[in-house]
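Undergrad: coords please:
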Amino acid sequence: MYTCLFATKGFDLREVIRSDASNEVIAKAIIEVWNNRKDRYSDERTEETVKNRERIEMSYIGG
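TA: Here you go, the predicted structure:
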């Protein structure tokens with residue numbers, strides 16, 4: 001799961017999804033990732049913050 005189109009790293013949720021976890025447990029895992037994310041590109045968008053930012057292609061993340 002990528003929390004931003006401009007993120008360089010994602011979060012692997014396969015383990016929790018494949019572990020027979022309930023929908024509630026999976027939802028909590030997703031919420032935790034989202035609430036603790038550090039990639040807030042839209043909030044930080046300025047010419048300076050994107051100038052040297054590493055990029056990942058959208059096709060790689062399913063876009």
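Undergrad: For the helix or strand hosting residue 17, list every residue counted as buried.
TA: Under the criterion DSSP states H and E, the helix or strand holding residue 17 is helix 14-18. Under the neighbour-count criterion of 16 or more other C-beta atoms under 10 Å, helix 14-18 has nothing buried. From N, CA and C alone the C-beta is placed, and that goes for glycine too.
Undergrad: packing partners for the host helix or strand of residue 26?
TA: Using DSSP H and E, residue 26 sits in helix 23-35. Other helices and strands packing on helix 23-35, by 3 or more C-beta pairs under 8 Å, 6 or more residues apart in numbering; DSSP states H and E, are helix 14-18.
Undergrad: please redo it, this time with the cut-off set to 6 Å
TA: In terms of contacts (3 or more C-beta pairs under 6 Å, 6 or more residues apart in numbering; DSSP states H and E), helix 23-35 is packed against no helix or strand at all.
Undergrad: Poorly predicted segments of the protein, please.
TA: 40-58, 61-63 (pLDDT under 70).
Undergrad: switch to 80 and redo it
TA: For the chain, the stretches with pLDDT under 80 are 4-8, 38-63.
Undergrad: Contacts for the helix holding residue 26, please.
TA: Here helix 23-35 makes contact (C-beta atoms under 6 Å, 6 or more residues apart in numbering) with 11, 16.
Undergrad: Could you tell me which residues within that helix count as buried?
TA: Quick answer for helix 23-35 (16+ other C-beta under 10 Å): 29-30.
Undergrad: thinking again about what came up before, for the helix holding residue 17, output the C-alpha coordinates as PDB.
TA: The C-alpha trace of helix 14-18 is given here as PDB (Å, rounded to 0.1, in the frame of the first residue of the first chain):
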ATOM      1  CA  ARG A  14      -0.100  -9.200   2.500                       C
ATOM      2  CA  GLU A  15       0.800 -10.800   5.800                       C
ATOM      3  CA  VAL A  16      -2.200  -9.400   7.700                       C
ATOM      4  CA  ILE A  17      -4.500 -10.100   4.800                       C
ATOM      5  CA  ARG A  18      -3.300 -13.700   4.300                       C
END
